[in-house]
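J.: Predicted structure and sequence below. I'll ask about it afterward.
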Amino acid sequence: MTSSPPSPRTPAGASDPPPHRALARLLADPSRREQITHVEFVPARQGRQDEWPGWVPQALVDRLGTAGIEAPWNHQVSAAEHARAGDSVIIATGTASGKSLGYLMPSIAAILEGEAPGSRGGTVLYLSPTKALAADQLRAIRYLRLTQVRAATYDGDTPPDDRGWVRQHANYVLTNPDMLHRSMLPGHGRWSAFLRRLQYVIIDEAHGYRGVFGSHVAQVLRRLRRICARYGSSPVFILASATTADPAVAAGKLTGLPVTAVAEDASPHGATAFVLWEPPLLTALHGEHGAPVRRSATAEAAGLLADLVVEGVQTLAFVRSRRGAESVSLAAKRALAEVAPELADQVAAYRAGYLPEERRALEAALRSRSLAGLATTNALELGVDVSGLDAVLVCGWPGTRASLWQQAGRAGRAGQDALAILVARDDPLDTYLVHHPSAIFGTPVESTVLDPDNPYVLEPHLCAAAAELPLTDADLTLFGPSASDVLPDLVRRGLLRRRPTGWYWARRDRAGDLADIRGAGGAPIQVVEAGTGRLLGTVDESSAHATVHEGAVYIHQGESYLVQTLDLDDSVALVAAAEPDYSTTARDVTDIRILERLRSSSWGAATLCFGTVEVTRQVVAYQMRRLPSGEVLGEKPLDLPPRTLRTRAVWWTLPEVPRDLDVAGAAHAAEHASIGLLPLFATCDRWDIGGVSTPLHPDTGLLTVFVYDGHEGGAGFAERGYSGAATWLRATREAIRSCECETGCPSCIQSPKCGNGNEPLDKSGALDLLAELLENVPNAGK
């Protein structure tokens, strides 16, 4: 990679690719050039092809040739050979690198060989995080027109009459971890013929299995391996992932098996100009306590989308929320209606929940280039086959470097040159990144964080496993070193019954209901449309207070609703359709108690700690912000009960601080900024973690700042913060120092979820406090 300062260029010539012509014009426009903080040029990559392995059936080679695939890339062959040899493997390469061919070769070969006379016949289980991705994979397999491959999806939308056929006749079943957990494993007897012959388990989008969700899926996969062993099979696992650090380690944690990594991408890719973009400060608007605010990332992305469409640059804009994607699309249409009315209809929004025929029409419009601009959430990543785009806008940091490169990789897929622009949100992490490009371009992608041994994750899966087949002592090693420690408590609580032959499920209800694999425990809150009684969706019990409180704006498949009531006793939130011109953000207050200190490190007079804490958190109000400007419209109080969470935290203490320092304000500001920066180092979202600061904590007797995991039992984020604390906290101080505001703003120390109204906050005091903390970092942490 090579970098360039944001300086003007000579206007591009007609021979330059459209993305580069558009970038040249942006750099030449003084009003826009000020927003460009950095341009990184990523060189083109030549592809390296290989021969088809001799064991790949000629029928498959012929069908792939008809589809335009004349020869495989080197990494596809390498992964396929590992799987064919019986070694579990993860393909961790870039977007559009053809990872699917790496697992199709061995899996289709196993099925075709199994269809020979007298052969036992192999089966394949494909797991994806979404139904849309499974449906697209099914379409790709059926396109091959191999009659021996009886592929079918098995998910919540599969009609009851079709499910029996799938169980008895399908040899390539596409499903998701939820169905595996709730239906296939509990009903494994009905799948016995399929499971006996299971040769390959394919896990697509494996990088998405992180945090609590990834930890749950890891235990589901251990249950699958146990059931397979019962039927005499030992399938090979093939994982497909975006580029991540230590992919073999992450895949091993997920599957519980040794896994080989194939991470050298041999597919071609065009040169990419990657721009970091900071929206301008708004002179007419101010935030809390008069703080300066920037133009919102969605408004800025809409303007850029319109500009690129006018330039003839086919562009995809990734926006974090469904409402945000709709807002970007509508604002871009309005802008185009003023300057190029004939182009306004060439911009659209894409959301989850589209019907298959709607998605197919969208793909066709993109391929024909009759659609020039598309604003979307990650639903597009997992549901639509997109290729040949010119540019990608990423509206706000997507959470990880791996996700950033995956989204940026949607441009230049067919080897063309491309443009990618990261538009910063007005928060500490985004602001830090656009002013410190080495944190993006000079740093390896992150490793995946998950903790299958979390007892709050492990316990319900041990119960589910016991309900599927009685647990034995020999099974416990499969579920990890903590399994034997939690079993006595499960027996004491009446969930399991101990017998000489093992542990048995002791209740009549479904054991699988104990684990909400996409949540953090507790019965999910059902979101119901008040006027019709229609169930719109569900929300984790742990996040319901913050997302479906009375007055909250709730988004479902691109449509807006206002929450009328939240009934916690009946686990129901009643909503009504509405079109508010604002968004809502919950604000909470938190208390914390130290239960156990697991690790600590002395930093001179300061002490850094990691351990178990009990957090008591209460949502007390919500704030309304106008869309798309982000202007604060007001705040309304809420009356909700406190919630208690037992989790893990990293914290630091200081025994002495300067007498003239506003200790409470300085610690509070340092807490906010450190929460904002931790996602860069711990592969989490800002909303996955929380914090508390106090000048004198009762458990330490000292000034203490905590950052904790927002999930029961912890999710590994605070632990990652502890292990990389010196780097994390230096970045925190640098983010505060480099912010151009005088006393604090959303880009450095203000938090959108602060229940204390962002008071007190002391920016200069936070700098002094963090300097004091970092003065005596041990050599190992420097």
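T.: It's in.
J.: Longest helix of this structure, counting residues only.
T.: If you go by DSSP state H, the chain has its longest helix at helix 211-230.
J.: Buried residues in that helix, which are they?
T.: Using 16 or more other CB atoms under 10 Å as the test for burial, helix 211-230 gives 211-228. Placement of C-beta: from N, CA and C, glycine included.
J.: Name the next helix or strand following that helix along the chain.
T.: Where DSSP states H and E defines the elements, the next helix or strand beyond helix 211-230 is strand 236-241.
J.: residues in contact with that following strand?
T.: Applying CB atoms under 8 Å, 6 or more residues apart in numbering, the external contacts of strand 236-241 come out as 79, 83, 86-92, 99-100, 102-103, 106-107, 199-207, 221, 247, 250-251, 254-255, 257, 259.
J.: Would you mind listing the buried residues in it?
T.: Judged by neighbour count using 16+ other CB under 10 Å, the buried positions of strand 236-241 are 236-241.
J.: In JSON lines, list the residues you listed along with pLDDT.
T.: Putting the buried residues of strand 236-241 into JSON lines (pLDDT from 0 to 100) gives the following:
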{"residue": "Val236", "pLDDT": "98"}
{"residue": "Phe237", "pLDDT": "98"}
{"residue": "Ile238", "pLDDT": "98"}
{"residue": "Leu239", "pLDDT": "98"}
{"residue": "Ala240", "pLDDT": "95"}
{"residue": "Ser241", "pLDDT": "90"}
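J.: now the contacts of strand 236-241: which count as buried?
T.: Neighbour counting with 16+ other CB under 10 Å marks 79, 83, 87-92, 99-100, 102-103, 106-107, 199-207, 221, 247, 250-251, 254-255, 257, 259 as buried within the contacts of strand 236-241.
J.: So which of these belong to helices?
T.: Using DSSP H, the subset of the buried ones among the contacts of strand 236-241 located in helices is 79, 83, 99-100, 102-103, 106-107, 221, 247, 250-251, 254-255.
J.: for the residues you listed, which one is nearest Tyr350?
T.: The shortest distance between Tyr350 and any of these, using CB to CB, involves Ser100 and amounts to 21.2 Å.
J.: Now the two most distant members of the buried residues of strand 236-241.
T.: Val236 and Ser241 (16.2 Å).
J.: re earlier: quick one: the longest helix of the chain to chain centroid distance?
T.: When C-alpha coordinates are averaged (CA atoms, centre = their mean, to the nearest Å), helix 211-230 and its chain have centres 20 Å apart.
J.: try stretch 222-236
T.: The gap between where stretch 222-236 is centred and where its chain is centred comes out at 29 Å by CA atoms, centre = their mean.
J.: Repeat that for stretch 153-170.
T.: With CA atoms, centre = their mean as the basis, the mean position of stretch 153-170 lies at 29 Å from the chain mean.
J.: Span of that stretch from start to end?
T.: Between the opening and closing residues of stretch 153-170 we find a distance of 9 Å, counting by CA to CA, to the nearest Å.
J.: Give me the residues contacting it.
T.: Outside of stretch 153-170, the residues within contact range by CB under 8 Å, 6+ apart are 123, 131, 134-135, 138, 150-152, 173-176, 178-179, 183-184, 190-191, 193-194.
J.: low-scoring stretches of the stretch 351-500 of the chain, by residue?
T.: Flagging of the stretch 351-500 of the chain using pLDDT under 70 yields the residue ranges 351-356, 379-388, 413-415.
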